[in-house]
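Student: build the 3D model from these lines:
(4 chains)
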Number of protein chains: 2
Amino acid sequence: MADHHHAADDLHATVTSLLRADEQRYTANRRALIEALAEAASPLALPELLERRPALPQSSVYRNLAVLERVGAVHRLASSDEFARFELSEALTGHHHHLICSGCGRVEDFTVPPRLERTLDRALEEAARSAGFEPERHQLDLVGRCADCR
Amino acid sequence: MADHHHAADDLHATVTSLLRADEQRYTANRRALIEALAEAASPLALPELLERRPALPQSSVYRNLAVLERVGAVHRLASSDEFARFELSEALTGHHHHLICSGCGRVEDFTVPPRLERTLDRALEEAARSAGFEPERHQLDLVGRCADCR
DNA sequence: GACTATAATGAGAATCACTCCCATCCTCAA
DNA sequence: TTGAGGATGGGAGTGATTCTCATTATAGTC
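Tutor: The predicted structure is shown next:
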């Protein structure tokens, strides 16, 4: 078994099959979006995406982000400022959390120890059950001031 | 010491002093908003607020929510659907978390054991420090399907 | 390689939650 | 009472996002 195939190949293969499952094509525009999000490694607002891929028309970016979100390749998060932000879904990046700057809206990823993650999940399942919710995923963010906004 | 004063009196007294500190008045409109949010006990979107207080004009509601947020009496949360939602700030209600329904956007409150809360805070402080963030508050949500949206 | 059904594209129009404007009203202190 | 500044609310404005639709690209099929 080859241990050395590129992670990027896996990424694109996974996105392809996610799209296929919904009879969607992995077009050049969609690939460009996935690559931009993979390069950034933290959630991007639309203007940031357009800066990084100036050839992409705004309307196509919005449409394709919606498609990629529907098939589970991209996750949209509503930030505190006026822009939605987009990142690769946890199916592609692994589970993680966000540091959100209350000054500028910047978002960075972080993780917590697996042990804490498990404890958290148990507590959340308990809370969900007693409210009649069926748990899907959790979301743990820390809001603060980034180094630039101190 | 009187243990039996109404919680509502405390609430309004606290809001009054929060507003005073910013030289703002606790007007009838603002009181109506605070009461609507206190009655609901879970975050409300603007249409829900207007349903509950039909006499309030939309523009005043938006303006007053912004004022109440600035002085720390109200907290605005960006939900996944198209509406922002508003709740009393944790200074007034105590620390809590949210169950968010991915179907209808409904939000309910829950709490986790204090012990877990402390563990969480330590882990988050650690993550913040190593990214150069100054922690302000954390936010833990569980996204799932409510009983109606199963 | 041509043919075709269907998906994808992109420029601009439309939507709509939210904010701003401003003439008028209210509150409070002197 | 009076006056000065805060508060009000109806309506106009803003801007991120979505929709429209004529055109173009794609993947099978022959």
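
Student: how much space separates residue A:11 from residue A:36?
Tutor: Using CB to CB, to the nearest Å, residue A:11 is found at 12 Å from residue A:36. The C-beta positions use only the backbone N, C-alpha and C, and glycine is treated the same way.

Student: any chance you could map the helices in chain A?
Tutor: Remark: helices assigned in chain A by DSSP state H are A:7-20, A:28-40, A:46-52, A:58-70, A:90-93, A:114-131.

Student: tell me who's in contact with residue A:105.
Tutor: Applying CB atoms under 8 Å, 6 or more residues apart in numbering or on different chains, we find residue A:105 in contact with A:45, A:79, A:80, A:81, A:83.

Student: are any of those residues buried, and which?
Tutor: The neighbour-count criterion (16 or more other CB atoms under 10 Å in any protein chain shown) marks A:45, A:79, A:80, A:81 among those as buried.

Student: around residue A:130, how many other residues sit close by?
Tutor: Residues contacting residue A:130 under the criterion other CB atoms under 10 Å in any protein chain shown number 10.

Student: tell me the bridge partners for the closest residue to it other than its chain neighbours.
Tutor: The shortest distance from residue A:130 to any non-neighbouring residue, by CB to CB, 6 or more residues apart in numbering or on different chains, is to residue B:110 (8.0 Å). Per DSSP bridges, the residues bridged to residue B:110 are residue B:97.

Student: residue closest to the middle of chain A?
Tutor: residue A:87 (2.7 Å; CA atoms, centre = their mean).

Student: number of residues surrounding the residue nearest to residue A:130?
Tutor: Look at residue B:110: counted by other CB under 10 Å, it has 19 neighbours.

Student: equivalent analysis for residue A:21, please.
Tutor: Look at residue A:21: counted by other CB under 10 Å, it has 10 neighbours.

Student: OK, contacts around it?
Tutor: Contacts for residue A:21 (CB under 8 Å, 6+ apart) come out as residue A:71.

Student: mind checking pLDDT for it?
Tutor: Note on residue A:21: pLDDT of 92.

Student: ok, it to DNA strand D distance?
Tutor: To DNA strand D, residue A:21 is 13 Å away according to CB to the nearest atom of the strand, to the nearest Å.

Student: kindly report the same for residue A:138.
Tutor: 23 Å.

Student: identify the bridge partners of that residue.
Tutor: residue B:142.

Student: isn't it up against residue B:140?
Tutor: Yes: using CB atoms under 8 Å, residue A:138 is in contact with residue B:140, at 6.9 Å.

Student: which of those two has more residues huddled nearby?
Tutor: Taking other CB under 10 Å, residue A:138 and residue B:140 do not tie; residue B:140 has more neighbours (23 against 20).

Student: hang on, the earlier thing: mind checking which of the buried ones among the contacts of residue A:105 are in strands?
Tutor: In this view, the buried ones among the contacts of residue A:105 that belong to strands under DSSP state E are residue A:45.

Student: would you point out the most distant pair within the buried ones among the contacts of residue A:105?
Tutor: Farthest-apart pair in these is A:45 and A:80; separation 11.8 Å (CB to CB).

Student: what sits against the spatially closest residue to residue A:83 that is not a sequence neighbour?
Tutor: Distances taken as CB to CB, 6+ apart put residue A:45 closest to residue A:83, at 3.8 Å, once the chain neighbours are dropped. By CB under 8 Å, 6+ apart, the contact list for residue A:45 reads A:79, A:83, A:84, A:85, A:86, A:105.

Student: got the phi and psi for the last one?
Tutor: When read as degrees, to the nearest 10, the backbone of residue A:105 gives phi 80, psi 0.

Student: what are the buried residues along stretch A:35-51?
Tutor: Within stretch A:35-51, the residues that count as buried by 16+ other CB under 10 Å are A:36, A:37, A:38, A:43, A:44, A:45, A:48, A:49, A:50.

Student: hmm, residue A:42 and the first one touching each other?
Tutor: No: with contact defined as CB under 8 Å, residue A:36 does not reach residue A:42; the gap is 11.8 Å.
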